[in-house]
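Student: Sequence plus the predicted model coming up.
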Amino acid sequence: MQVNTLGYVWARQDIDPDEVEARCRDAGLSVFEPSYYVGILASPDFERNVLKGKEFLESGDSEGRKLAMEDKDGRLVVLTTNPERFRDMTAYLGTLPGAAGTFAAGISERGESLRELKTKYEEARHALKYRILLGRSESALIRYGQLRLRDASYRMPEDTVRKLANMLGTDRDKEMKMLLMELFDPKALAEADIAYFESVSQALNERVFDQAFRTYGEASVDIIKMHRMAGSLYNFASIQDYIHNVESLLLRLSEYARDLKSAHVDQKEMARALAYIHANFDKDLSMAVVSNHVSLNYSYFSERFKEHTGESFVNYLKKIRIQKAKELLAETDERIYEISRRVGFENPKQFNRVFREIEGITAMEYRQKQALA
C-alpha cells in the first residue's frame, strides 16, 4: 500500500499538500517523519545498475527507514531517513566495472512533514536533470541543495537563435557553428541553471528545426532521426553529446535547404534559358551566350541544362530550328536555302544534313509530303 500510495502521489501533477499528507498518513508513512530524503537513481541504458542499487539497499543492516520502488521510467526511487545509505549506494555503483558514466542520482533536501513528500520528489527529479552537465569523472550524486550555486539569471539569446534560423540554407556553416558555441559557451555550462539550457533547446526546436521542416518539407530519414533526438536535452547522456547532435542537424538541414533552393533557382533560370533560346534560335547561339544570359557558370549550366531537358544544348537547339523549319516548309513557298538561313543555319548543306538526321528525309521530301497531305 505504501509503494502504491507514493506512486500515485508522485505521478499526480495537480495534487495539493493536504491530499498528499492525508493519503500518506493513511498508508502509514508517518514513520518517516520528522526527517527524510527522496533519492532517484537513473540509468537509462543500464538496467543492471538499478538492480544492483536495489540489492545494495536491501543488503546488510543500516540505520533508519527506507522504501524503494521503480517508477514508470525504470528509475529507482528511494524514500529514506538515512541519506548516507543512498550516497553509499551511488558510491558502490561507481566501483562496479564499466559503470562510470552510466548512471546518475539526485537527492532532495531534508523533508520534515508528509505534506512535503511531493515537493521532495520534485527536488530529486530536478537535481537529476543536471546529470547531462556532469563529466564522467565527476560524482554521479547530485544534491538539490548544491544547485543554489547555479545562476538563474541566464536568459536565452533571442538574436542568436534568430540568426541561426536565418542562416539555414546559406554557405555560412562556420558562422553557424560559432553561434551555436555562443549558446553553450564554457561559462554558461559551468554556471547556468538547467532552465537556461532547456529554454535554448526549446527555442532551437521550435524556431529553427521545426520551422525548417515547415518551410522545406520532410528531409531524409537520418535528418528526421536526428531531429527527434534533438527534441529533448535528456535524450543524451551529456550536454556535449546534445551539442554535437544539434551541430550535425544544423549543418545537414542547411545543406538540405541549400539543395532545395538551388533546385528552385535552377528551375527558374532554366525557364529563362529556354525562353531565350526559343526567342533567338535564328541567331548565332552558343552555350556560352545562353549561360551568360542567365548568369550561370558555363560548366554548371551545361550539366543542369542536360538534366533539365534530357539532351545536350546542341541537340536541343537543332530540334528547335528544325521544328521551325518544318512549319515554314509546310506553310510558305520560301526557298529551302532561305528557310535554312531564317532558322539559324549558316548554309543549306548543313541545314539539309541536320534535317535528314532528325526527320529521316530531306527538307524537299518533307515539303513534297506535306503538299500531298
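Tutor: Received it, and whenever you're ready, just let me know what you need.
Student: all strands of the stretch 1-150 of the chain, in order?
Tutor: In the stretch 1-150 of the chain, the segments counted as strands under DSSP state E, counting those that start in this stretch are 37-42, 66-70, 76-80, 104-107, 141-143.
Student: I'd like the mean pLDDT over the fourth one, please.
Tutor: Computed over strand 104-107, the mean pLDDT rounds to 94.
Student: Grab the CA positions of it and hand them over as PDB.
Tutor: Extracted as PDB, the C-alpha positions of strand 104-107 are listed here (Å, rounded to 0.1, in the frame of the first residue of the first chain):
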ATOM      1  CA  ALA A 104      23.300   9.400 -12.100                       C
ATOM      2  CA  ALA A 105      21.400  10.000  -8.900                       C
ATOM      3  CA  GLY A 106      19.600  13.100  -7.500                       C
ATOM      4  CA  ILE A 107      18.700  13.600  -3.800                       C
END
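Student: Tell me the strands beside it, with direction?
Tutor: strand 37-42 (antiparallel), strand 141-143 (parallel) (DSSP bridges).
Student: So which residues lie in contact with it, not counting its own?
Tutor: Contacts to strand 104-107, defined as Cβ atoms under 8 Å, 6 or more residues apart in numbering, come from residues 37-43, 83, 86-87, 89-90, 123-131, 134, 140-144. Every residue, glycine included, has its C-beta placed from N, CA and C.
Student: returning to what we had before: can you list the strands of the stretch 1-150 of the chain in JSON lines and add distance to residue 51?
Tutor: Output for the strands of the stretch 1-150 of the chain, formatted as JSON lines (distance: least, Cβ to Cβ, whole Å):
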{"stretch": "strand 37-42", "distance to residue 51": "11"}
{"stretch": "strand 66-70", "distance to residue 51": "10"}
{"stretch": "strand 76-80", "distance to residue 51": "9"}
{"stretch": "strand 104-107", "distance to residue 51": "15"}
{"stretch": "strand 141-143", "distance to residue 51": "19"}
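Student: So which residues of the stretch 251-373 of the chain form helices?
Tutor: 287-293, 298-309, 313-331, 336-342, 348-359, 363-372 (DSSP state H, counting those that start in this stretch).
Student: Leaving out sequence neighbours, find the closest residue to the residue nearest to the spatial centre of the chain.
Tutor: Central residue of the chain (Cα atoms, centre = their mean): residue 227, 3.0 Å from the mean position. Of all residues beyond its chain neighbours, the one nearest residue 227 is residue 209 (5.6 Å), with distances taken as Cβ to Cβ, 6 or more residues apart in numbering.
Student: need the contact list for that neighbour.
Tutor: 227, 230, 249, 253.
Student: Out of the residues you listed, which comes closest to residue 164?
Tutor: Closest approach between the contacts of residue 209 and residue 164, by Cβ to Cβ: residue 253, at 10.3 Å.
Student: you'd agree the closest one is up against residue 212?
Tutor: Yes: contact status for residue 253 versus residue 212: in contact at 5.1 Å, counting by Cβ atoms under 8 Å.
Student: Mutual contacts of those two, please.
Tutor: Joint contacts of residue 253 and residue 212 (Cβ under 8 Å, 6+ apart) are residue 168.
Student: In TSV, list the strands of the stretch 1-150 of the chain along with mean neighbour count and distance to residue 8.
Tutor: Shown next, in TSV, are the strands of the stretch 1-150 of the chain (neighbours: other Cβ atoms under 10 Å; distance: least, Cβ to Cβ, whole Å):
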stretch	mean neighbour count	distance to residue 8
strand 37-42	27	15
strand 66-70	17	12
strand 76-80	24	13
strand 104-107	26	21
strand 141-143	22	26
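Student: Of those strands, which is nearest residue 159?
Tutor: strand 141-143 (32.0 Å).
Student: Tell me the helix or strand right after that closest one.
Tutor: helix 158-167 (DSSP states H and E).
Student: what helices or strands is that next one leaning on?
Tutor: helix 173-183, helix 194-203 (3 or more Cβ pairs under 8 Å, 6 or more residues apart in numbering; DSSP states H and E).
Student: and these, which is most packed in?
Tutor: Across the helices and strands packed on helix 158-167, averaging neighbours per residue (mean count of other Cβ atoms under 10 Å) puts helix 194-203 on top, at a mean of 18.
Student: What is that one packed up against?
Tutor: Counting by 3+ Cβ pairs under 8 Å, 6+ apart, helix 194-203 packs on helix 158-167.
Student: which residues sit against the helix it packs on?
Tutor: Here helix 158-167 makes contact (Cβ under 8 Å, 6+ apart) with 175-176, 179-180, 182-183, 200, 203-204, 207-208, 211-212, 250, 254.
Student: Could I have the CA atoms of it written out in PDB?
Tutor: C-alpha atoms of helix 158-167 as PDB (Å, rounded to 0.1, in the frame of the first residue of the first chain):
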ATOM      1  CA  GLU A 158      16.800  35.500 -28.900                       C
ATOM      2  CA  ASP A 159      19.100  37.200 -31.500                       C
ATOM      3  CA  THR A 160      21.400  34.200 -31.700                       C
ATOM      4  CA  VAL A 161      18.600  31.800 -32.300                       C
ATOM      5  CA  ARG A 162      17.100  34.100 -34.900                       C
ATOM      6  CA  LYS A 163      20.400  34.400 -36.800                       C
ATOM      7  CA  LEU A 164      20.800  30.600 -36.800                       C
ATOM      8  CA  ALA A 165      17.300  30.200 -38.300                       C
ATOM      9  CA  ASN A 166      18.100  32.900 -41.000                       C
ATOM     10  CA  MET A 167      21.400  31.200 -41.900                       C
END
